[in-house]
Structures are given as C-alpha cells and as structure tokens.
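> I'd like to go over a predicted model; first the sequence, then the structure.
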Amino acid sequence: MLQITCHGGVGEIGGNKILLEDGGSALMLDFGKRMGAVNAYFDEFLQPRANSCLRDLLSLGLLPEIPGIYRHDLLNHAGAWDHLAGDLPGHARRLFSSDLESYDDYTPNHGPRLDGIVLSHAHADHAQDLCFVDRRIPVYCSHETLAILKAAEDVGRGGVESEICRCATRGLSVLKAGFFPNELKIETDRANGDRDIRIIEPNARFQVGGFEVEAIPVDHSVPGACAYLIKSPSGKVVFYTGDLRFQGRLNDLTTRLRKRVSGLGPDVFITEGTRICDKQGRITTAGDNEDDVERKIADIVRDCKGLAVVDFGWKDTTRFQTILEVARATGRVLAVSPKVAYLWALLDRIDPAAFPDLLGAENLKVYLERSTSMTYSLGDYSRSKHAAGVCTDWDGMKDAFRNDDKEYLQPRLCHYFDGVRAYHLAADPTKYILHAGFFDMNELFDISPPAGSVYISAMTEPFCDEMALDQEKLKHWLDRFSIDYGGEKIEHYHVSGHANGRDLLDLIKSAEPKLVIPVHTEHAEVFGHKVGNRCRVPVLGEPIPVG
C-alpha cells in the first residue's frame, strides 16, 4: 500500500520533503530547506554551528529523523569520539555521535532507505538540505536544475550548506606540527565527492526503485522546473505540481500541462498553494503577466533622468531577459551581476537555443565591483572567480597568467577586461541600468548616482519579518542617496513564480483527483473549503495511507 509522509512544506511555504513508500520502495520528492522554521531560531549572527550543523538542525526538529539517509561524517562529528573516548566520560559521547543511523550504518543491514530523491527545481526551499544527505543516494533533476545548483555552489560562500553537487568528507586529524602538541583539527577531503545526480529529459519516463516517474516541464521563476506524474508499485497514481505558474512566458508548457492533467483522475494530487488566497482569505486571480512587468519598468526607465537601478533574483532568467529587453527598448546598457552571467553561461552549454551566448551583446555588460584591496587588482577576485569571468578554472591558466597572455586570458576573464565599473556608471549614469539590490548598496559610495536616479524592485514583496526589515534598511540607503523609489513605500513590479488560486483550483478540478494534499502553503484549510472531503491536510511527519 502507498504511504505518503510530508516532512516539510506543512503549514509553511517551502521546505518540501515528501516521502512516498510502497512495496519496499521509497522515493522522496524534493529535499528543501524549511526557511521560515529555520529563521524562527537563527539569524545573521546566530547560525547552526559549522561542524555540528546537521546535529543542531535535527535537535531542533528542522530536519526529519529518517534513518539511513544522512552523511556519516556529519552525524558522527568526523569520527571524533574514536579519538576522545579515552579522555572523556562516557556520557559525553552524545556530543559527538548520534543514535540516528547514517547511510553507512543503515545500508549494510537493511539496503538503501531511499531509492532516490526527485527534485522539482533548484530553489533552496526545494533542494538546499541535500547537503546533509549521503552523496550515494541518487538525485534526479533536469539539466537546468543541475546547472543552477552548480552555479549556486560555485558562487556561494562555501561550507557544508554549499555542498549540493559535490561533498567534502570531514575527518579528524592529529596535527604533529600544530601550535599545541597533538592538536585536533577537522579537515576536509574533496576527492570522490561527486553526488550521484542523474539527469532527466523533458517529458521523459524513468524508474526510481519500484516507482515509475514522468517529468512534466512547468513554468516557474527558474528554468528547468518540473511537475511529476508517479505510478507506485501497487498501481496508485500520484501527481505532484512542484512549484508552477500560469502567467509567465512559457505558455506552451502551461498548455501541455493542462492537457496532460485534464481527466487524469490520479489517486493523489499533491499541490503547492503559495498563492491560493490573499491576506483576507479571498481566492487570488490572475494579475500582471511578464509583458506587463516589462512595459511598466520600461516606462519608468524612459522617464529616468539619472541611473536606473533594478533589483531581481539572479536565478530568475525570465526576469533577466525582461530587464534586458527594457535596456534595448530604452537605449541603455544593463550592467548585470556576475552571478547572472555565470549561470547563463552554464545554461548556454546545455541549451544554446534557449540560452544563447549574450556576452558581448550591445546592451549587456557585467558589473565588476571593487573588492578586497579596492584597486581592481585581479587578485581581488581570486576567492570569487565568477566575478572576473565565466571561467573559474584559474589553475588551468597559470602559464597565461605568467606570460600576461591577454589574448588567451581576455575571453576567459571577460568581466575583468570588458565589464563596467563604478567609475563608468558615475561618468555616464543615464547610459546604464544597474542590477543591484539591498546587499549591493555599498556600490553607491563609488557610483554617486545623480539626482533623478530611480530604484525599481522587480522582486516579490517582503513575506517575512527579516525581508521587511531589510526593505526598511534599503529605504534608508535610497533616501540617503536621493534615489526615487516611487513614493512612501517601495513599489514592486513582479510576476510570482506561483499559480494564482483560481488557476490552481481549475487545474485540480480538471484533473479529477480522488485525494488532494496541499503543501507549500500557509492556508491549506482553503483547499478543504474548495475541494471538500477529498482534501487531506497533512500533519508534519504523519503518514497518510492511500488504500
């Protein structure tokens, strides 16, 4: 019999971890970070301890206690107890080892706990907690999802939470040449650390244990997002929406989705419900689409007498293309974050038709920020190589560096040699649109935007206290530099990555499911009102049998 357990995404937006078990097979849909739950305990200056993060999160109930899925080195503190058992009392063992069985402890006796993890897309609230999962458990995702995960790993700050595609095994070593005799240190080994990631093609069918899975591409705010149609070993049919929208630009995907789902009659319909209703509990309906966003932002930029600053998410390739079109329409140059350029280059290698090479395009440059020595020295970017160019393999360019071979280096360090810098924007602000948000406000010191400059948010409105506080701080920056943001509060020009309530309910109705399980929503009860006794609101960690 099929059993479904939601270990995340229950009464919260994101954090999806949905376990399907049937006939001795087990499949996990997504393994995302529970952002809101984590933020209830931690903030910028209070984070899970670097070498105890998995154990800390398990202790707080922010990760599910599922035996046989987690990394042995993180659960058992890099094997520290083997070194310390003779020096510490027995009851201290709990500080260094866990009663929860790791993948290494569980698998020899029981076989794999999970046959695989299937990712709907690359947002952190659907994929981030993979860093804690043993790398040998297969992960299934689209080409684009893998590219985004790799880009996020390459441009991130490092540490355990960045180890999505490649893991560094942690082990305890005794330093013979340390400052203190026999000093203990946790060291990392990156050899053989690649995660078992298996690419799935659009609309392909594949096997995960005894589950037959079909990938159905959907429109979302990152490319490569998929819904999944799953047939369990006992013959039950499950449809999982992942995150999807109907008001983006990928209308062909939306049309195919509706056609594929219509009359499907699945036993279970697991649906996201981020925007099922507004704050007053009313079912949301279609609003602006991406063309509307482009038109409104273009009008503001045309009227701008100084620098136009536009904020959008670096993984949102649709919004990037929208702002690039605004730049073309208004005769400006978009100075974009190097993160966007790096991700786009990875996607171009996968699908050059959908993601054509844009470097060198007339209306696009990459912004090179001042860093470290603040002198624009190439060495300033050695720890964030993507900032200097789309090639991050500097070890392979050693000879070119020694010989100052600019003909070889220039295309590889294209941002460094051909990007725009603060003094370019300061000299001719009306020529540019700068891609920047709250965390880039330090650049304003060097740019010194003139009167008549504007800030445009092409991001979602704040949906948590932390984001609201950041927006208030952002307003202080904009006020200090006399940058107009449209009134007393910052206006947002945005199309959500999530379906409005009316379209979502229409999709569910057309599918004619026997059971509806709402996840990724703070208003699951609304589904109960609309679909009646077919709705089963999940309880965190409580199995739902599907007979």
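Happy to help now that I have it. Residues are numbered from 1 along each chain as shown.

> residue 122: how many residues sit nearby?
When neighbours are counted by other C-beta atoms under 10 Å, residue 122 registers 27. C-beta here means a position set from N, CA and C on the backbone, and glycine is covered the same way.

> that one and residue 139 touch, don't they?
No - counting by C-beta atoms under 8 Å, residue 122 sits too far from residue 139 to count as a contact (11.4 Å).

> residue 426: which element?
Per DSSP states H and E, residue 426 falls inside helix 422-427.

> give the other helices and strands that the helix or strand following that helix contacts.
Per DSSP H and E, the first helix or strand lying C-terminal to helix 422-427 is strand 432-435. Under the contact definition 3 or more C-beta pairs under 8 Å, 6 or more residues apart in numbering; DSSP states H and E, strand 432-435 sits against strand 308-311, helix 317-330, strand 333-336, helix 422-427.

> mind listing the strands strand 432-435 pairs with, and their directions?
Applying DSSP bridges to the sheet, strand 432-435 is found paired with strand 308-311 (parallel), strand 333-336 (parallel).

> out of these, which is closest to residue 66?
Comparing the strands paired with strand 432-435 against residue 66 with C-beta to C-beta, the closest turns out to be strand 308-311 (37.9 Å).

> C-alpha coordinates for the closest one, PDB please?
C-alpha atoms of strand 308-311 as PDB (Å, rounded to 0.1, in the frame of the first residue of the first chain):
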ATOM      1  CA  ALA A 308      18.200  53.300 -13.200                       C
ATOM      2  CA  VAL A 309      18.800  50.600 -10.500                       C
ATOM      3  CA  VAL A 310      16.700  47.400 -10.900                       C
ATOM      4  CA  ASP A 311      16.600  44.500  -8.500                       C
END
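
> so for it, what's the average pLDDT?
Here strand 308-311 scores 98 as its mean pLDDT.

> quick one, helices of the stretch 301-450 of the chain?
317-330, 338-350, 398-403, 406-412, 414-418, 422-427, 444-447 (DSSP state H, counting those that start in this stretch).

> mean pLDDT and distance to residue 379 added to those helices, as CSV?
As requested, these are exported to CSV (pLDDT from 0 to 100; distance: least, C-beta to C-beta, whole Å):
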stretch, mean pLDDT, distance to residue 379
helix 317-330, 96, 29
helix 338-350, 95, 16
helix 398-403, 86, 10
helix 406-412, 89, 14
helix 414-418, 94, 11
helix 422-427, 97, 19
helix 444-447, 96, 19
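
> return the distance of the helix holding residue 426 from the chain's centre.
Its chain's average C-alpha position is 32 Å from that of helix 422-427, according to C-alpha atoms, centre = their mean, to the nearest Å.

> quick check: buried residues in it?
Using 16 or more other C-beta atoms under 10 Å as the test for burial, helix 422-427 gives 422, 424, 425.

> out of those residues, which is nearest to residue 412?
Residue 412 lies nearest to residue 424 out of these, by C-beta to C-beta, at 21.5 Å.

> next, count neighbours for the closest residue to the closest one other than its chain neighbours.
Excluding its sequence neighbours, the residue lying closest to residue 424 (C-beta to C-beta, 6 or more residues apart in numbering) is residue 432, at 7.7 Å. Residues lying near residue 432 (other C-beta under 10 Å) number 22.

> again, but for the one 5 residues further on
Burial of residue 437 is recorded as 19 neighbouring residues (other C-beta under 10 Å).

> cool, residue 334 as well?
Counted by other C-beta under 10 Å, the residues lying close to residue 334 total 27.

> chain neighbours aside, what residue packs nearest to the residue nearest the centre of the chain?
Closest residue to the average C-alpha location of the chain: residue 123 at 2.4 Å, with C-alpha atoms, centre = their mean. Among residues not flanking residue 123 along the chain, residue 222 sits closest, at 6.3 Å (C-beta to C-beta, 6+ apart).

> the one you found belongs to a strand?
No - read with DSSP: H, G, I helix; E, B strand; the rest coil, residue 222 is coil and lies in no strand.

> from residue 431, how far out is it?
Here the criterion is C-beta to C-beta, to the nearest Å. By it, residue 222 lies 30 Å from residue 431.

> look at those two and report which has more neighbours.
A direct count of neighbours by other C-beta under 10 Å for residue 222 and residue 431 places residue 222 higher, at 20 against 14.

> how far away is that one from residue 265?
Note on residue 222: its distance to residue 265, by C-beta to C-beta, is 30 Å.

> and for residue 100, the neighbour number?
Close neighbours of residue 100, defined as other C-beta under 10 Å, add up to 19.

> typed the wrong thing, it's residue 256
16.

> and of the helices of the stretch 301-450 of the chain, who's closest to residue 279?
Residue 279 lies closest to helix 317-330 among the helices of the stretch 301-450 of the chain, at 24.3 Å (C-beta to C-beta).

> okay, now the unreliable bits of the protein?
Scanning the chain for pLDDT under 70 picks out 462-464.

> how's it carved up into domains?
2-278+498-546, 290-367+419-480 (automatic domain parsing).

> related to what we said a few turns ago, roughly how far does the residue nearest to the centre of the chain sit from residue 469?
22 Å.

> and residue 228, how far is that from residue 367?
Distance from residue 228 to residue 367, by C-beta to C-beta: 38 Å.

> could you do residue 535 as well?
In this view, residue 535 and residue 367 are 48 Å apart by C-beta to C-beta.

> ok, residue 111 next?
Remark: distance between residue 111 and residue 367 (C-beta to C-beta) = 51 Å.

> now swap in residue 485 and tell me
20 Å.

> so for these two, which sits in the more crowded spot?
Higher neighbour count among residue 485 and residue 367: residue 367, with 26 against 17, using other C-beta under 10 Å.

> isn't residue 272 right up against residue 517?
No - at 10.7 Å, residue 272 does not count as touching residue 517 under the criterion of C-beta under 8 Å.

> contacting residues around residue 268?
By C-beta atoms under 8 Å, 6 or more residues apart in numbering, residue 268 lies in contact with 2, 4, 236, 237, 238, 239, 513, 514, 515, 516, 517, 546.

> residue 290 - how many residues pack around it?
Residue 290, neighbours per other C-beta under 10 Å, totals 20.

> residues near residue 420, how many?
Residue 420 is flanked by 20 other residues according to other C-beta under 10 Å.

> same check, this time on residue 214
Neighbourhood size, residue 214 [other C-beta under 10 Å]: 17.

> next one: residue 150
18.

> got it, and residue 506?
14.

> so it: helix, strand or coil?
Under three-state DSSP, residue 506 comes out as helix.

> tell me the contacts of it?
Counting by C-beta under 8 Å, 6+ apart, residue 506 has no contacts.

> now do the strands in the stretch 51-200 of the chain.
Ranges of strands in the stretch 51-200 of the chain, per DSSP state E, counting those that start in this stretch, are 116-118, 139-141, 169-175, 183-189, 197-199.

> can you add distance to residue 492 and give the domains of the chain back as JSON lines?
Listed next are these as JSON lines, based on distance: least, C-beta to C-beta, whole Å:
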{"stretch": "domain 2-278+498-546", "distance to residue 492": "14"}
{"stretch": "domain 290-367+419-480", "distance to residue 492": "5"}
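
> can you tell me which of the ones you listed is nearest to residue 403?
That would be domain 290-367+419-480 among the domains of the chain, by C-beta to C-beta, at 22.8 Å.

> what's the end-to-end length of that closest one?
Criterion C-alpha to C-alpha, to the nearest Å; first-to-last residue distance in domain 290-367+419-480 is 31 Å.

> look at residue 526 and give its secondary structure.
Three-state call for residue 526 (three-state DSSP): helix.

> what count of nearby residues applies to it?
Residue 526 has 20 neighbours, counted by other C-beta under 10 Å.

> give the contact list for it.
Listed by C-beta under 8 Å, 6+ apart, the contact partners of residue 526 are 273, 276, 277, 281, 283, 501.

> distance of the fourth one relative to residue 520?
With the distance defined as C-beta to C-beta, residue 281 ends up 18 Å from residue 520.
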